[in-house]
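1. Below: sequence and its predicted model.
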Amino acid sequence: MKEQSYGSHTRFQPLQHFVWLPLSFILLLTTAIYSIYQFMKYGFSMQLLLLFGVVVLAIIPGMLARMYALTLQDRLIRTEEQMRYYMLTGSRLDDSITKEQLIALRFASDAELVELVERTIIESLSPDDIKKSVKTWRPDHHRV
């Protein structure tokens, strides 16, 4: 697998990012334009309302599927990182660490995790600052 770093850790799903999202946007935009045109020319029509509703309802499941997957993944990452910290230190992770910070900490190697957690608590590092501080990158090739 390709080596990850701060500059290369983002991931695109081609079908999601380059097909579904653009086509959904184009479909929604053209439906809105068509509906406005038809409304201006012929007035209100139940068919236009139904068309617009069907397009919106067709897009929502794709958005929800992505949101559900990311939410579940974030919960798993949070649990994994809390367990990893406990295994390294024998103590619980401080409750002041936010979900976003914890998700960023997953990229830190075991050797630097504890020190980076302490820095995060003391300096209130942002997730971006945490990722930039990682010296030995621990890749995540399974991110949704």
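-> Looks like it arrived, so ask away.
2. switch to C-alpha atoms for all contacts and neighbour counts from now on
-> Will do.
3. What are the boundaries of the helices in the protein?
-> Assigned helices in the chain, in chain order: 14, 21-42, 46-89, 99-105, 110-123, 127-133 (criterion: DSSP state H).
4. mind checking which of the ones you listed is nearest Glu3?
-> When the helices of the chain are compared by CA to CA, helix 127-133 sits nearest Glu3, at 15.0 Å.
5. residues in contact with the closest one?
-> With CA atoms under 8 Å, 6 or more residues apart in numbering as the contact definition, helix 127-133 has outside contacts at Tyr6, Glu100, Gln101, Leu102, Ile103, Ala104, Leu105, Phe107, Ala108, Leu116, Thr120.
6. farthest pair in those?
-> The largest distance within the contacts of helix 127-133, taken as CA to CA, falls between Tyr6 and Thr120 and amounts to 17.2 Å.
7. which of these two has more neighbours?
-> When neighbours are counted by other CA atoms under 10 Å, Thr120 comes out ahead of the other of Tyr6 and Thr120, with 21 against 16.
8. What distance do you get for the more buried one to Asp129?
-> In this structure, Thr120 lies at 9 Å from Asp129, with CA to CA, to the nearest Å as the measure.
9. separation between the spatially closest residue to Arg119 that is not a sequence neighbour and Asp140?
-> With sequence-adjacent residues excluded and distances taken as CA to CA, 6 or more residues apart in numbering, Arg119 is closest to Leu125, at 7.3 Å. Remark: distance between Leu125 and Asp140 (CA to CA) = 21 Å.
10. Those two: which is more packed in?
-> Under the neighbour definition other CA under 10 Å, Leu125 and Asp140 were set side by side, and Leu125 has more, 17 against 14.
11. Is it correct that the more buried one is in contact with Leu116?
-> No - assessed by CA atoms under 8 Å, Leu125 is found out of contact with Leu116, at 9.3 Å.
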